[in-house]
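Undergrad: Quick one, what's the 3D model for this:
(chains A and B)
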Amino acid sequence: KAGVTQTPRYLIKTRGQQVTLSCSPISGHRSVSWYQQTPGQGLQFLFEYFSETQRNKGNFPGRFSGRQFSNSRSEMNVSTLELGDSALYLCASMGGPSTDTQYFGPGTRLTVL
Amino acid sequence: GENVEQHPSTLSVQEGDSAVIKCTYSDSASNYFPWYKQELGKGPQLIIDIRSNVGEKKDQRIAVTLNKTAKHFSLHITETQPEDSAVYFCAASTGNYGGSQGNLIFGKGTKLSVKP
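TA: Residues are numbered from 1 along each chain as shown, chains lettered A, B, ... in the order given. Have a look, this model is predicted:
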């Protein structure tokens, strides 16, 4: 099976802009979680989507949002970018209602100038 | 909410030695504890995981132990090799949805260096 894919891999934006990142889970997986990784804060949970519904959310401002499509692909959006949003954004997919193993993609490196 | 602390932050060993990384968690409801390895430029890769109904799990050179009473779990790597050099993360989660856990709480990571 193909792994989790994320596009784009690298992105440079300026403050105030918005950005959309995409994640395609492993075939058959219905859960997609998003994480932010920074040197200072480490890996932090953003939100999780399952069957097109957000079922869990971390402690991030409303500028961070996401959605999931019927084919389980997910997008996350960050509006009004701030310098502190520069990070590696990782998505992870998980399959089935009774499994709990998350498989991560390679991440999207976002730089905000 | 859950908090996971990981020690040490850096660890340097000689090839062939053992390496041990320890984590503690705060939420007694946590019941799933995975360990991930992250190499430069890549996403975290699951190397082993353990559930709260098991005290120890082993997979070749890697083992994880869990002490629910003390709320801590550890990763043990034996016969380390240079290719084991990476950043290792522990994580904890609770089963919220029929056994699934979509939100992992991570430790800050341990940078392991294995010297040839």
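
Undergrad: Who are the contact partners of the nearest residue to A:Ala92 once chain neighbours are set aside?
TA: Closest residue to A:Ala92 apart from its sequence neighbours, by C-beta to C-beta, 6 or more residues apart in numbering or on different chains: A:Gln102 at 3.9 Å. (Each C-beta comes from the backbone N, C-alpha and C, glycine too.) Contacts for A:Gln102 (C-beta atoms under 8 Å, 6 or more residues apart in numbering or on different chains) come out as A:33, A:92-94, B:34, B:46, B:102, B:104.

Undergrad: Over to B:Val54?
TA: Neighbours of B:Val54 in contact, by C-beta under 8 Å, 6+ apart: B:Leu66.

Undergrad: again with B:Asp49
TA: The contact partners of B:Asp49, by C-beta under 8 Å, 6+ apart, come to A:101, B:32-35, B:57, B:64.

Undergrad: Check which strands are paired with the helix or strand harbouring it and give the direction for each one.
TA: Taking DSSP states H and E as the criterion, B:Asp49 maps to strand B:45-51. Here strand B:45-51 has these sheet partners by DSSP bridges: strand B:32-38 (antiparallel).

Undergrad: hmm, who's touching the strand it pairs with?
TA: Contacts for strand B:32-38 (C-beta under 8 Å, 6+ apart): A:100-102, A:104, B:23, B:25, B:44-52, B:62, B:64, B:66, B:73, B:75, B:86-95, B:101, B:104, B:109.

Undergrad: Kindly export it (C-alpha atoms) in CSV.
TA: C-alpha atoms of strand B:32-38 as CSV (Å, rounded to 0.1, in the frame of the first residue of the first chain):
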residue,chain,number,x,y,z
TYR,B,32,-2.0,3.5,24.3
PHE,B,33,1.7,4.3,24.2
PRO,B,34,3.5,4.4,20.8
TRP,B,35,7.2,5.2,20.1
TYR,B,36,8.2,7.0,16.9
LYS,B,37,11.6,7.4,15.2
GLN,B,38,12.1,10.5,13.1
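
Undergrad: tell me the average confidence for that strand?
TA: Averaging pLDDT along strand B:32-38 gives 95.

Undergrad: Centre of the chain to it, how far?
TA: With C-alpha atoms, centre = their mean, to the nearest Å as the basis, strand B:32-38 stands 5 Å off its chain's centre.

Undergrad: burial count for B:Thr65?
TA: Neighbours of B:Thr65 under the rule other C-beta atoms under 10 Å in any protein chain shown: 17.

Undergrad: make that A:Thr101, sorry
TA: 15.

Undergrad: Go ahead and confirm it touches A:Ser93.
TA: No. In this structure A:Thr101 lies outside contact range of A:Ser93 using C-beta atoms under 8 Å: 9.7 Å.

Undergrad: show me the contacts for A:Lys57.
TA: By C-beta under 8 Å, 6+ apart, the neighbours of A:Lys57 are A:46-48.

Undergrad: Quick check: the gap between the closest residue to chain B within chain A and B:Glu56.
TA: Nearest residue of chain A to chain B, counting by C-beta to the nearest C-beta: A:Glu48, 3.4 Å away. With the distance defined as C-beta to C-beta, to the nearest Å, A:Glu48 ends up 29 Å from B:Glu56.
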